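Student: Below are the sequence and a predicted model for it; my questions follow.
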Amino acid sequence: MASISRNLRRSLAPDRLRRLLLLSQHPREYVTAECHRPVVLHKRGPDILHDPWFNRGTAFSMTERDRLGLRGLLPPNVVSSQQQIDRFMLDLKRLQRYAKDGPSDTYPLAKWRILNRLHDRNETMYYKVLIDNIEEYAPIVYTPTVGLVCQNYSGLFRRPRGMYFSAEDRGEMMSMVYNWPADQVDMIVVTDGSRILGLGDLGVHGIGIAIGKLDLYVAAAGINPQRVLPVMIDVGTNNEKLLKDPLYLGLQEHRLEGDEYVSVIDEFMEAVFTRWPNVIVQFEDFQSKWAFRLLQRYRKTYRMFNDDVQGTAGVAIAGLLGAVRAQGRPMIDFPKQRIVVAGAGSAGIGVVNAASRTMARMLGNNEVAFESARSQFWIVDALGLITEDREDIDPDARPFARRKSELGHQGLSEGASLVEVVKKVKPDVILGLSAVGGLFSEEVLEALKDSSSSRPAIFAMSNPTKNAECTPGEAFSILGEKVIFASGSPFHDVDLGDGKIGHSNQGNNMYLFPGIGLGTLLSGARVISDGMLQAAAERLASYMKEEEVLEGIIYPPISRIRDITKEVAAAVVREAVAEDLAEGYRDMDAHELARLSEEETIEYVKTNMWSPVYPTIIYKKD
């Protein structure tokens, strides 16, 4: 990662930070807290109460009720926002016990339904509840519960949220984007529903993952909820069950392929960037064959990234670097790690590509360094170990196929099983991105006992929970207290007895993607570079204190997510400046960004994070 030069890091004056902190009344937008900007509306009365962006229900003061034509439309008692939340939480705790909609409805899904109703009524209050209870509700609005939501979305659909572009809309998308009411959109999460988590092709139901991701952009990164847009691109589905389901809400035809498919995505990208030139688009849960191709097609032209490829890779790298620290070694020893990867999809190959680049950078960033880094990975897919003897090898996996010259002394061959590979390689890390629940069987875990590391690491990263390659209970029961465990879905820590705890780390993408998006937005970067992604991963890796890491805690608690995101976003901003990609945001131009110190950059990010505070509403006639 390029470092910011000394002259760029020099502050304007000794009191620059103090001025940033004190000038909250200054007319320049970048020093006005994002949540305190007044809102001008062209609506009054019931129209406001029915608009979740601006409705605050019984919290409207009598002055506001008179100004906005609300007197008599609400009960007379004015309550505070905290009283509203207390009342909602009391109802939530009571209702979630009785809100199950039949035997197939789980309690987490019931919680999602109750929260979704609040989202439909009052967005500010919804995000206040989510932020204040992020550890409890992140698994509800995001993985793993969002997987259940997507599987049942047609039945859960009550109120439209986001936009739907379909294959039948070809030629109309440029005009369609103007149907969205917001003149400014900062963040779009888009999916085609082809590979939702580890659940496969869910078609139009995939909109649930885009909605969940943007909830976290608001909660973690403070992106203004009025400037986010979840998008579903419906190009059909190959899920036969959905094709035959009379209640399915999407196109009931098989997926477009080839040039027809690409033309739909091209038209969508041109349309959204025409209306919102500074928007950031996150691609989410596209099947592997399109994930890499679309990323390479657009990343040098548009402000976009693919979370499955790049976000997952960044979180995994942060965890891998943390595992090196947990082994009592410096992070510079990362290139010595022997890593067996189970899974060769977009997430698996994305992690391997990013991790090998990190290793190579540490080794000098030359051809020899890249070759050395490549040799540290063994990739196993459904057909076994990938070697150069594999026929029809995926082009994305080809650089990491094991060479014939390497296989002889390792005692391995094309198609070797995961157990065989672990036994022969004796890896420091086994990394699961296979979407195959239980893949790290007892036999695999037993084989890891012979690891060359005294503290091997297990990353069971597949989502949702049922697809995790193993549980922490299984890992600690077989390998004992020294193992480092991380997963993609949340698990409880394991009581090992004698006062010892086996820590279950959740390597959740939410540690990175909100900060990547926010940092890109606030830097005004033209594109999202590898260096910006690397800066985000390295900041996450260094976030944990040394004593925490040595206990086996390599990821921070979700309760710190706002602070983590602020730090990650600041790192992204500084890297964008260093690479001369930054163009500035609002009144903070690129030149001024370059003159901010590290501490000032963090304060700049914090000031531009939205918080769920009811804004001043001003009525103005059209």
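Tutor: Yep, it's here. Numbers count the residues shown, from 1 in each chain.

Student: Which residue ranges of the stretch 351-500 of the chain form helices?
Tutor: Secondary structure of the stretch 351-500 of the chain (DSSP state H, counting those that start in this stretch): helices at 367-374, 404-410, 418-425, 442-447, 472-479.

Student: Same list, these, but as CSV with distance to residue 75 please.
Tutor: Quick note: C-beta positions are derived from backbone N, CA and C, even for glycine. Shown next, in CSV, are these (distance: least, Cβ to Cβ, whole Å):
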stretch, distance to residue 75
helix 367-374, 65
helix 404-410, 74
helix 418-425, 62
helix 442-447, 59
helix 472-479, 49
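
Student: which of these has the lowest average pLDDT?
Tutor: The weakest mean pLDDT among these belongs to helix 404-410, with a mean of 84.

Student: Put the alpha carbons of it into PDB.
Tutor: Once non-C-alpha atoms are left out, helix 404-410 reads as follows in PDB (Å, rounded to 0.1, in the frame of the first residue of the first chain):
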ATOM      1  CA  LYS A 404       3.500 -30.900 -11.500                       C
ATOM      2  CA  SER A 405       7.000 -30.100 -10.200                       C
ATOM      3  CA  GLU A 406       5.400 -29.300  -6.800                       C
ATOM      4  CA  LEU A 407       3.200 -32.300  -6.500                       C
ATOM      5  CA  GLY A 408       5.800 -35.100  -6.400                       C
ATOM      6  CA  HIS A 409       7.500 -34.300  -3.100                       C
ATOM      7  CA  GLN A 410       4.200 -33.300  -1.600                       C
END
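
Student: What are the buried residues along it?
Tutor: Neighbour-count burial for helix 404-410 flags residue 407 (criterion: 16 or more other Cβ atoms under 10 Å).

Student: mind starting the numbering at 39 from now?
Tutor: Okay, residue one is now 39; in that scheme the one you just asked about reads as helix 442-448.

Student: now what about that helix, what contacts it?
Tutor: If you take Cβ atoms under 8 Å, 6 or more residues apart in numbering as the criterion, helix 442-448 is touched by 413, 425, 426, 427, 440, 451, 462, 463.

Student: model confidence over the helix or strand hosting residue 327, on average?
Tutor: Using DSSP states H and E, residue 327 maps to helix 326-336. What helix 326-336 shows for mean pLDDT is 93.

Student: neighbouring contacts of it?
Tutor: By Cβ under 8 Å, 6+ apart, helix 326-336 touches 230, 232-233, 299-300, 303, 307, 321, 324, 342-344, 346-348, 383-384, 387-388, 434.

Student: How is the protein divided into domains?
Tutor: What the TED database lists as the domains of the chain is 79-169, 186-340, 375-545, 549-646.

Student: most tightly surrounded among the ones you listed?
Tutor: domain 549-646 (a mean of 22; mean count of other Cβ atoms under 10 Å).

Student: That domain: end-to-end distance?
Tutor: Distance across domain 549-646, first residue to last, is 18 Å (Cα to Cα, to the nearest Å).

Student: who's in contact with residue 604?
Tutor: So residue 604 contacts 553, 640, 643, 644, 647 (Cβ under 8 Å, 6+ apart).

Student: Out of those, which comes closest to residue 191?
Tutor: residue 553 (28.2 Å; Cβ to Cβ).

Student: Residue 94 is in contact with residue 121, isn't it?
Tutor: No. With contact defined as Cβ atoms under 8 Å, residue 94 does not count as touching residue 121 (12.0 Å).

Student: picking that back up, out of the contacts of helix 326-336, which sit inside helices?
Tutor: The helices in this structure, assigned by DSSP state H, contain 299, 300, 303, 307, 384, 387, 388 from the contacts of helix 326-336.

Student: any idea how far the last one lies from residue 468?
Tutor: Distance, residue 388 to residue 468, using Cβ to Cβ, to the nearest Å: 17 Å.

Student: Ok, the fourth one next?
Tutor: Using Cβ to Cβ, residue 307 is found at 37 Å from residue 468.

Student: Run through the stretch 39-188 of the chain and note the low-pLDDT ranges.
Tutor: 39-71, 73-74, 133-144 (pLDDT under 70).

Student: Same check on the stretch 289-438 of the chain?
Tutor: Judged by pLDDT under 70, no stretch of the stretch 289-438 of the chain qualifies at all.

Student: what about the strands in it?
Tutor: Taking DSSP state E, counting those that start in this stretch to define them, one finds strands in the stretch 289-438 of the chain at 318-321, 342-344, 377-380, 415-419, 422-423.

Student: swap in the stretch 489-638 of the chain?
Tutor: Applying DSSP E, counting those that start in this stretch to the stretch 489-638 of the chain gives strands spanning 495-498, 522-525, 532-535, 538-540, 542-544, 622-623, 626-627.

Student: can you list contacts of the second one?
Tutor: When you say that, I think you mean strand 522-525. With Cβ under 8 Å, 6+ apart, strand 522-525 has contacts from 357, 361, 364-365, 493-499, 506, 509-510, 513-514, 540-545, 590, 592-593.

Student: and that strand, which strands flank it?
Tutor: strand 495-498 (parallel), strand 542-544 (parallel) (DSSP bridges).

Student: Which of the ones you listed sits closest to residue 407?
Tutor: With Cβ to Cβ as the criterion, residue 407 lies closest to strand 495-498 of the strands paired with strand 522-525, at 22.9 Å.

Student: Show residues contacting that closest one.
Tutor: Strand 495-498 is contacted by residues 354, 357-358, 361, 364, 466-470, 478, 483, 486, 506-509, 513, 517, 521-526, 545 when judged by Cβ under 8 Å, 6+ apart.

Student: That strand - what's its average pLDDT?
Tutor: 96.

Student: and if you look at stretch 197-209?
Tutor: 93.

Student: Figure out the length between the terminal residues of that stretch.
Tutor: End to end - Cα to Cα - stretch 197-209 spans 27 Å.

Student: next one: that stretch to chain centre, how far?
Tutor: 23 Å (Cα atoms, centre = their mean, to the nearest Å).

Student: what are the pairing partners of the lengthiest strand in the chain, and which direction each?
Tutor: Ranked by residue count and defined by DSSP state E, the top strand of the chain is strand 266-272. Note on strand 266-272: by DSSP bridges, its sheet partners are strand 201-204 (parallel), strand 225-229 (parallel).

Student: Next, the contact list for residue 237, please.
Tutor: Counted by Cβ under 8 Å, 6+ apart, residue 237 has contacts 185, 188, 189, 502.
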